[in-house]
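Engineer: Predicted model and sequence below, questions to follow.
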Number of protein chains: 2
Amino acid sequence: MLDSDIGYMKEALLEAKKAEVLGEVPIGAVIVKDGTIIAKGHNLRETLKDPTAHAEIIAIREASKRLGGWRLHGCTLYVTLEPCQMCAGALIQSRVDRVVYGAKDLKAGAAGSLLNLLNDERFNHQVSIESGVLEEESAHLLKIFFKNLRKGKEDSKS
Amino acid sequence: MLDSDIGYMKEALLEAKKAEVLGEVPIGAVIVKDGTIIAKGHNLRETLKDPTAHAEIIAIREASKRLGGWRLHGCTLYVTLEPCQMCAGALIQSRVDRVVYGAKDLKAGAAGSLLNLLNDERFNHQVSIESGVLEEESAHLLKIFFKNLRKGKEDSKS
């Protein structure tokens, strides 16, 4: 882990909280290049009615726009939850150097939990992985969100 | 294979040709629901400078917009080249029922060639796969594109 990882993950957590306010599953991401945050994103799947509007995809698209090209060489993506298959694929497609994530996704994680697409040497690019950075804070946000969701459903039944 | 698969794949090939005209790797996709094409897309990675702008992602986003929600239940996606990891992931995320593809991608295909994300029962959704529909036409377009690309590079050296 790098000294700067915690600070950037805190920024990703702030993004996750923006998703929470909108009633979205609270997941946030930031992309850093040369010590600067060049893109941010939070989950907007329900708001945009777009299955690809995960925090990582939004941040990757913004970073590409900012850099003026689709190759994100030299970039690190920080995300509060382990990327799914789609987002792991997008990290490979965009040639991101490194991903740092908070909580593990034991049901769908494609960066070590269920499978590991990022270190698969059969692909033309590999992404280095750092996991467990601010894991508790990231997992806590999700836990509270789903707890409230279940509570809301139970309340509406009674 | 369904009787209608060839006709829809011809539409995907027309999309691929739109990409070719723009100097993009010629890959095209259409999404069909209840016998109607509800979305089309062609590769725009270079034009949009967006690593996620694959034909499938563009079509999935358009279909979601058209249907007013991110779940593409009852949809079939036709694409001229086997989906990569990112696009296979997007098919799972968007709950597409079925994918029909033309040419195999032996270097990066995530729907049977290099790996098979779509039939992985550990995920919360599986997508049925039909491969090899108008395979020769789909592969031929790509072959000519890369042949011309190499020729262009050689000509510029001489």
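Structural biologist: Here it is on my side, so go on. Residues are numbered from 1 along each chain as shown, chains lettered A, B, ... in the order given.

Engineer: now residue A:102, nearest residue through space, not along the chain?
Structural biologist: If the residues on either side of it in the chain are set aside, residue A:102 comes closest to residue A:138, at 2.9 Å by Cβ to Cβ, 6 or more residues apart in numbering or on different chains. Where C-beta positions appear, they are placed from N, C-alpha and C, glycine not excepted.

Engineer: where does that neighbour land in three-state SS?
Structural biologist: helix (DSSP: H, G, I helix; E, B strand; the rest coil).

Engineer: Find the centremost residue of chain A, please.
Structural biologist: Centroid check for chain A by Cα atoms, centre = their mean gives residue A:79 as the closest residue, at 3.2 Å.

Engineer: what bridges to that one?
Structural biologist: According to DSSP bridges, the residues that bridge with residue A:79 are residue A:29, residue A:101.

Engineer: pretty sure it contacts residue A:11?
Structural biologist: No: in this structure, residue A:79 is not within contact of residue A:11 by Cβ atoms under 8 Å, at 11.0 Å.

Engineer: contacts for stretch A:61-69?
Structural biologist: When contacts are defined by Cβ atoms under 8 Å, 6 or more residues apart in numbering or on different chains, stretch A:61-69 is touched by residues A:31, A:33, A:38-41, A:70, A:72, A:75, A:94, B:49-52.

Engineer: Can you lay out these as a markdown table showing pLDDT?
Structural biologist: Shown next, in a markdown table, are these (pLDDT from 0 to 100):
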| residue | pLDDT |
| --- | --- |
| A:31 | 98 |
| A:33 | 98 |
| A:38 | 98 |
| A:39 | 98 |
| A:40 | 98 |
| A:41 | 98 |
| A:70 | 98 |
| A:72 | 98 |
| A:75 | 98 |
| A:94 | 98 |
| B:49 | 97 |
| B:50 | 98 |
| B:51 | 98 |
| B:52 | 98 |
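
Engineer: Among those residues, which are located in helices?
Structural biologist: Residues of the contacts of stretch A:61-69 located in helices (DSSP state H): none.

Engineer: Just the residues you listed: which are in strands?
Structural biologist: A:31, A:33, A:38-41, A:75 (DSSP state E).

Engineer: Considering the residues you listed, which possesses the most neighbours?
Structural biologist: residue A:31 (29 neighbours; other Cβ atoms under 10 Å in any protein chain shown).
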